[in-house]
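A.B. asks: Structure for the following, please:
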Amino acid sequence: MGAQHWARIPGMNLSDEQRAKINRIADDTRKAHCTTVGAMMDQQARLRDLYGAQKPDEAAIDDTYKTIGKLRSQMYDSTVDAHKRMEAVLTKEQQDVLHRYWR
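C.D. replies: Next comes the predicted model:
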């Protein structure tokens, strides 16, 4: 969720500087997620090949699923971190508006 979404929340009144900072955080997070999604797709291709083998290697399949889980966790963590950094750009009053909006 970038500045364009937060700006539509009644009472947010983001400054141009805040919009730019929030958008930069959102863009950086999106780029990182694209890289992570690519790595997940590589692992899914690996699973395809492992399952397609004459005799599937259960340990390798298990490890690949664990790797996919770690990549998903990285995306979750980076999303939480980005949200915290975006919220830190806001004033206390804007944070209160945001929290009331989420309720």
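A.B. asks: Chain neighbours aside, what residue packs nearest to the residue nearest the centre of the chain?
C.D. replies: The chain has residue 79 as the residue nearest its centroid, 3.6 Å off, counting by CA atoms, centre = their mean. Nearest residue to residue 79 in three dimensions, chain neighbours excluded: residue 29, at 6.8 Å (CB to CB, 6 or more residues apart in numbering). The way it works is simple: take the backbone N, C-alpha and C, and place the C-beta from them, glycine included.
A.B. asks: Can you say which helix or strand has the one you found in it?
C.D. replies: helix 16-52 (DSSP states H and E).
A.B. asks: got the buried residues for that helix?
C.D. replies: For helix 16-52, the neighbour count (16 or more other CB atoms under 10 Å) marks 18-19, 21-22, 25-26, 29, 32-33, 36, 40, 43, 46-47, 50 as buried.
A.B. asks: any idea of the mean pLDDT in it?
C.D. replies: Averaged across helix 16-52, pLDDT comes to 96.
A.B. asks: now swap in stretch 70-81 and tell me
C.D. replies: 96.
A.B. asks: ok, now which ones touch the residue nearest to residue 79?
C.D. replies: 78-79, 82 (CB atoms under 8 Å, 6 or more residues apart in numbering).
A.B. asks: of these, closest to residue 95?
C.D. replies: residue 82 (15.5 Å; CB to CB).
A.B. asks: That closest one contacts residue 26, correct?
C.D. replies: Yes - Residue 82 lies in contact with residue 26 (CB atoms under 8 Å); the separation is 6.9 Å.
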